[in-house]
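S.K.: what's the 3D shape of this:
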Amino acid sequence: MGAEVHWLNENKTLIQHNYFGRVSHEDLRKAIEMTAVMLADIGHQADVIINIVQGSIPPARMLTLAPLVEARECSNMRLMVVVHPTAMIQSVVLMARKTYPRIANRVYFADDIFEARGLIAYYNSLI
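M.R.: Alright, predicted model coming up:
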């Protein structure tokens, strides 16, 4: 599988996706479904870090799966932070803010995992 999804902490407040190599449509779909199951199993809010440092997600695959992400959206998901996105992925997310605002407006970008965790910590300190 070109993707793995797991809890990043024992409190189950942070989910991390790690992508490896060229990620297939099926890899993305499974990661989305797994995240929805994990979020449904908890009674509190959680954030998602999408780490694509070692992977490549074609933007077209992201667009075709946007309706699935929106349909599987869980009310307890706060932020999604994409680590090391390409300019094309950033553009796709910015365009998706018009079509899929419930999801795309919660997506942020970070250069590395440490920045992603810092962004999530900062956001959580504001609420």
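
S.K.: For residue 18, name its beta-bridge partners.
M.R.: residue 4, residue 51 (DSSP bridges).

S.K.: That one contacts residue 48, correct?
M.R.: No. In this structure residue 18 lies outside contact range of residue 48 using Cβ atoms under 8 Å: 11.8 Å. Yep, even glycine has a C-beta here, placed from its N, CA and C like the rest.

S.K.: And those two? Which one has more around it.
M.R.: Between residue 18 and residue 48, residue 48 has the larger neighbour count (other Cβ atoms under 10 Å), namely 24 against 18.

S.K.: tell me the pLDDT at that one?
M.R.: Looking at residue 48, its pLDDT is 95.

S.K.: got the buried residues for the top helix by length along the chain?
M.R.: Once the chain is assigned using DSSP state H, the helix that runs over the most residues is helix 25-40. For helix 25-40, burial by neighbour count (16 or more other Cβ atoms under 10 Å) applies to 27, 28, 29, 31, 32, 34, 35, 36, 38, 39.

S.K.: Find me the pLDDT at the last one, would you?
M.R.: If I follow you right, that is residue 39. 93.

S.K.: what do you get for the fifth one?
M.R.: Residue 32 is assigned a predicted lDDT (pLDDT) of 86.
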